[in-house]
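K.L.:
need a structure here:
(chains A, B, C and D)
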Number of protein chains: 2
Amino acid sequence: MVVRLRDVAAAAGVSDATVSLALAGNPRISAATAQRVIAVANELGYRPNSAARALRTESTRSLGLIVSDVANPFFGELAGAIERQAAREGYSVILCNSDEDADRQDDYLLNMLAGSQVDGVLLVPTSSTTPGLRAVASSGAKVVLLDRPITVSGNGTAANSLRALPSVSSDPGRALAEAAELLTTLGHERIGVVSPPLDTPLGRVRRKQIRDALVAAGVRSRDIFVEEGDFRLNSGYRATTKLLEQRRPTAIIAADGPMGVGALKALRAHGLRVPHDMSLICFDDAPWFDLFDPPLTTIAQPIEELAKSAVATILALLRDETGKQLPAAHPECRFIRRSSCGVPAE
Amino acid sequence: MVVRLRDVAAAAGVSDATVSLALAGNPRISAATAQRVIAVANELGYRPNSAARALRTESTRSLGLIVSDVANPFFGELAGAIERQAAREGYSVILCNSDEDADRQDDYLLNMLAGSQVDGVLLVPTSSTTPGLRAVASSGAKVVLLDRPITVSGNGTAANSLRALPSVSSDPGRALAEAAELLTTLGHERIGVVSPPLDTPLGRVRRKQIRDALVAAGVRSRDIFVEEGDFRLNSGYRATTKLLEQRRPTAIIAADGPMGVGALKALRAHGLRVPHDMSLICFDDAPWFDLFDPPLTTIAQPIEELAKSAVATILALLRDETGKQLPAAHPECRFIRRSSCGVPAE
DNA sequence: CTGAAAGCGCTTACAG
DNA sequence: CTGAAAGCGCTTACAG
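P.N.:
Model prediction:
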């Protein structure tokens, strides 16, 4: 039913090797033969069996992409952009969803890499360092960390191989500075932060980045209130509710889109108007953020750049057997001011 | 670097065959041997090479999913739900994005199926019937149509094999009836429709479904104005602009989320307030639709059910060598009334 | 209950 | 310039 190399060879009256070489464009095959082989292959609709090719060449031309939550539009868009980049380079993308679960992440990592299902993996890591990631890193597998850092302690070879993993994520520095300045300029003094989980490296990094930006803009450290979320909508709702009940900030910064949406829902539920009673800034952007009531001010991640860097980095890693450290790529976030920030109420 | 079956066999002091059978849980292997083999395999971190396994068993335990636009949150969520279902059954999902391009779709179809990269494909077809789809269907490949129908003319075996493709999509019937009734009850008489492209089967089907629902609710056929979009935000904007300038409806129905968002943007740009000056209903839903200004009334597709049906159907197709026709699955859409519909202005 | 051997469909040295 | 042969890492009849 399916056309094999052998069928093409028989139909063209040449050997398997000739077909393989001709289709690969190898100049050793005469132009006449090559042309005939290609014509026959097209006519029969021949497509090489990818398992056989992968087994022989030890390269699958597939990449694994493990994201923490595909339902988050940020990761949906990112997955799309990565697929587009990878397709341009002749690679397929196997999409995996860890759902923020370290065990699911490790299963995917080990099955895909140790099982040679893919040549490399782009990983949005769920928590700091899982056994699977450690194993995979010290086996020298091709892994690029995406969107989130990991923290590594110790000096063993395992720790060093983890540290050697290239990392692609956005830099919110300048955008956060703009956001913080906007808030202080408007007169905000008490700021709530809905952060990622603080037991993850990203959580600690974001907390520090946001805190530093606010302090640099003149907010007193004791007037910054951090409430933990878990990246999802409901946690943004809960964290915001806590901030309202315990801290009474006049502005809130939420560390991703879903938590920002959750925050807005919580503010609504408490009868607070944005920006009149509360200013709100979140991370990530989407084409519909300006249709919200009110349009959301955000720190937008550069999705296309992230996708490009991620694919370029993993491909460099695949080409390079030398293992020389690749430069980390950190494209800048963009601050997009819309109307969810205003002067604090009395 | 990577552990092979052979390494496990050597370490356990048995043959390759024994390892393979033991790991497969074959009862022919004594419990003692099996236990020892499994322990050794775990210790060494053995994972079967998927290319070798696929080559030998002629089954990859991978599914292809070709969507038309991952940036559309509907497909993002759907892809996530499908990945979850598939993972539960031990299948990986290769995500492909056709970007509504028939050639890209055909490339993916042929490479994945003729190249045996996957066991089956879930396809959101871009347009009616492409050469690739025709080829793949008549070769007996395992394909399930998702979310969109195709139309098939003729009686050849090719046409029949296309007609035999199982199809999973939602049924908007009841939800549309509720939507139409709501509009007429509110007093709307002139309705604009932002439809999918009318040269696609889905476009024609949706136009008819919406028209029928509106007529059944009492709208005169000549007061229904259909403007074509292409599934994306900008086309919703353009189509809505046309409707405003040429037809002056008092309510608009947009056939998917991005076009609904585009419609809302166009209404804003024209200084129209929703629902005071114009009522708006769209298809698909998202957790943030109730934060829009105004919260959007929609016809929500049952994403989980679609994912479940799609995966169940393709797995049934893979198991079944008999080729008996599978029942089409059409879970119902849900009408979600929010505040984007109101009494028409004078 | 276990092992030796064949073979899935390719690619690639090696001959000629 | 082309072909015969080996081998990638598995699984599975077939012996014993």
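K.L.:
Contact partners for the closest residue to DNA strand C within chain A?
P.N.:
For chain A, the nearest residue to DNA strand C under the criterion Cβ to the nearest atom of the strand is A:Leu5, separated by 2.8 Å. No exception for glycine: its C-beta is placed from N, CA and C like everyone else's. A:Leu5 makes contact with A:Asp16, A:Val19, A:Ser20, A:Tyr46, A:Pro48 under the criterion Cβ atoms under 8 Å, 6 or more residues apart in numbering or on different chains.
K.L.:
Which element, helix or strand, includes the second one?
P.N.:
Just to be clear, that refers to A:Val19. With elements delineated by DSSP states H and E, A:Val19 resides in helix A:16-23, which encompasses its position.
K.L.:
Check whether that helix comes near DNA strand D.
P.N.:
Yes. Contact of helix A:16-23 with DNA strand D is found when judged by Cβ under 7 Å from any atom of the strand, involving A:Asp16, A:Ala17, A:Thr18, A:Leu21.
K.L.:
Among those, which one has the most neighbours?
P.N.:
Neighbours here mean other Cβ atoms under 10 Å in any protein chain shown. Within those, the largest count is held by A:Thr18, at 21 neighbours.
K.L.:
Can you show me the strands along the stretch 151-300 of chain A?
P.N.:
All strands of the stretch 151-300 of chain A, identified by DSSP state E, counting those that start in this stretch, fall at A:167-168, A:191-195, A:224-228, A:251-254, A:279-283, A:297-300.
K.L.:
What strands flank the fifth one, and is each parallel or antiparallel?
P.N.:
Based on DSSP bridges, the strands next to strand A:279-283 in the sheet, each with its direction, are strand A:251-254 (parallel), strand A:297-300 (parallel).
K.L.:
what's the answer for the second one, then?
P.N.:
Next to strand A:191-195 in the sheet, as set by DSSP bridges, lie strand A:224-228 (parallel), strand A:251-254 (parallel).
K.L.:
Need the contact partners of that strand.
P.N.:
Outside strand A:191-195, the residues that reach it (Cβ under 8 Å, 6+ apart) are A:183, A:203, A:206-207, A:210-211, A:214, A:219, A:223-229, A:235-236, A:239-240, A:243, A:247, A:249-255, A:259-260, A:262-263.
K.L.:
now the last one
P.N.:
Contacts with strand A:297-300, where a contact means Cβ under 8 Å, 6+ apart, come from A:172, A:175-176, A:179, A:182, A:257, A:260, A:279-285, A:289, A:333-341.
K.L.:
Next SSE downstream of it?
P.N.:
Proceeding N to C from strand A:297-300, the next assigned helix or strand is helix A:303-319, under DSSP H and E.
K.L.:
Can you get me the centre-to-centre distance for that following helix and its chain?
P.N.:
Averaging C-alpha coordinates over helix A:303-319 and over its chain gives two centres that are 11 Å apart (Cα atoms, centre = their mean, to the nearest Å).
K.L.:
what about the closest residue to A:Gly80 other than its chain neighbours, which SS state?
P.N.:
The spatial neighbour of A:Gly80 that comes closest, neighbours along the chain excluded (Cβ to Cβ, 6 or more residues apart in numbering or on different chains), is B:Val70 at 3.3 Å. Going by DSSP: H, G, I helix; E, B strand; the rest coil, the secondary structure assigned to B:Val70 is coil.
K.L.:
Quick check, B:Val70 in contact with B:Ala79.
P.N.:
Yes. Assessed by Cβ atoms under 8 Å, B:Val70 is found in contact with B:Ala79 at 6.7 Å.
K.L.:
so what sits against both of the two?
P.N.:
Where contact means Cβ under 8 Å, 6+ apart, the residues bridging B:Val70 and B:Ala79 through contact with each are A:Gly76, A:Ala79, B:Leu95.
K.L.:
would you turn these into JSON lines with pLDDT, neighbour count and secondary structure?
P.N.:
Putting the shared contacts of B:Val70 and B:Ala79 into JSON lines (pLDDT from 0 to 100; neighbours: other Cβ atoms under 10 Å in any protein chain shown; DSSP: H, G, I helix; E, B strand; the rest coil) gives the following:
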{"residue": "A:Gly76", "pLDDT": "89", "neighbour count": "25", "secondary structure": "helix"}
{"residue": "A:Ala79", "pLDDT": "92", "neighbour count": "26", "secondary structure": "helix"}
{"residue": "B:Leu95", "pLDDT": "87", "neighbour count": "24", "secondary structure": "strand"}
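K.L.:
I'd like those as CSV, with distance to B:Leu198 appended.
P.N.:
Putting the shared contacts of B:Val70 and B:Ala79 into CSV (distance: Cβ to Cβ, whole Å) gives the following:
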residue, distance to B:Leu198
A:Gly76, 28
A:Ala79, 30
B:Leu95, 29
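K.L.:
Reformat the residues you listed as CSV; add distance to DNA strand D.
P.N.:
Putting the shared contacts of B:Val70 and B:Ala79 into CSV (distance: Cβ to the nearest atom of the strand, whole Å) gives the following:
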residue, distance to DNA strand D
A:Gly76, 34
A:Ala79, 29
B:Leu95, 25
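K.L.:
How about the contacts made by the closest residue to A:Pro302 other than its chain neighbours?
P.N.:
Taking Cβ to Cβ, 6+ apart as the measure, A:Pro302 lies nearest to A:Pro331, with 4.4 Å between them; neighbours along the chain are not counted. Residues touching A:Pro331, when contacts are defined by Cβ under 8 Å, 6+ apart, comprise A:Ser170, A:Asp171, A:Pro302, A:Glu305, A:Leu306, A:Ser309.
K.L.:
how close does A:Pro331 sit to A:Gly80?
P.N.:
Counting by Cβ to Cβ, to the nearest Å, the separation of A:Pro331 from A:Gly80 is 17 Å.
K.L.:
Likewise for A:Arg4?
P.N.:
Distance check for A:Arg4 against A:Gly80: by Cβ to Cβ, it reads 34 Å.
K.L.:
Now do the buried residues in the helix or strand hosting A:Gln35.
P.N.:
Using DSSP H and E, A:Gln35 falls within helix A:31-44. Residues A:Thr33, A:Ala34, A:Arg36, A:Val37, A:Ile38, A:Val40, A:Ala41 are the ones in helix A:31-44 that count as buried (16 or more other Cβ atoms under 10 Å in any protein chain shown).
K.L.:
Contacts made by it with the rest, please.
P.N.:
Applying Cβ under 8 Å, 6+ apart, the set of residues contacting helix A:31-44 is A:Val3, A:Asp7, A:Val8, A:Ala11, A:Ala12, A:Val14, A:Thr18, A:Val19, A:Ala22, A:Leu23, A:Gly25, A:Ile29.
K.L.:
and the stretch 51-200 of chain A, which of its residues are near DNA strand C?
P.N.:
Residues of the stretch 51-200 of chain A that fall close to DNA strand C, judged by Cβ under 7 Å from any atom of the strand: A:Ala52, A:Arg53, A:Leu55, A:Arg56, A:Thr57.
K.L.:
Go through those residues and flag which are in helices.
P.N.:
A:Ala52, A:Arg53, A:Leu55, A:Arg56, A:Thr57 (DSSP state H).
K.L.:
hmm, stretch A:133-146 touching DNA strand D?
P.N.:
No. Contact between stretch A:133-146 and DNA strand D is absent, the nearest approach being 14.0 Å (criterion: Cβ under 7 Å from any atom of the strand).
K.L.:
Can you confirm whether that stretch lies near chain B?
P.N.:
Yes. Under the criterion of Cβ under 8 Å from any Cβ of the partner chain, chain B is reached by stretch A:133-146 at A:Ala135, A:Ser139, A:Gly140.
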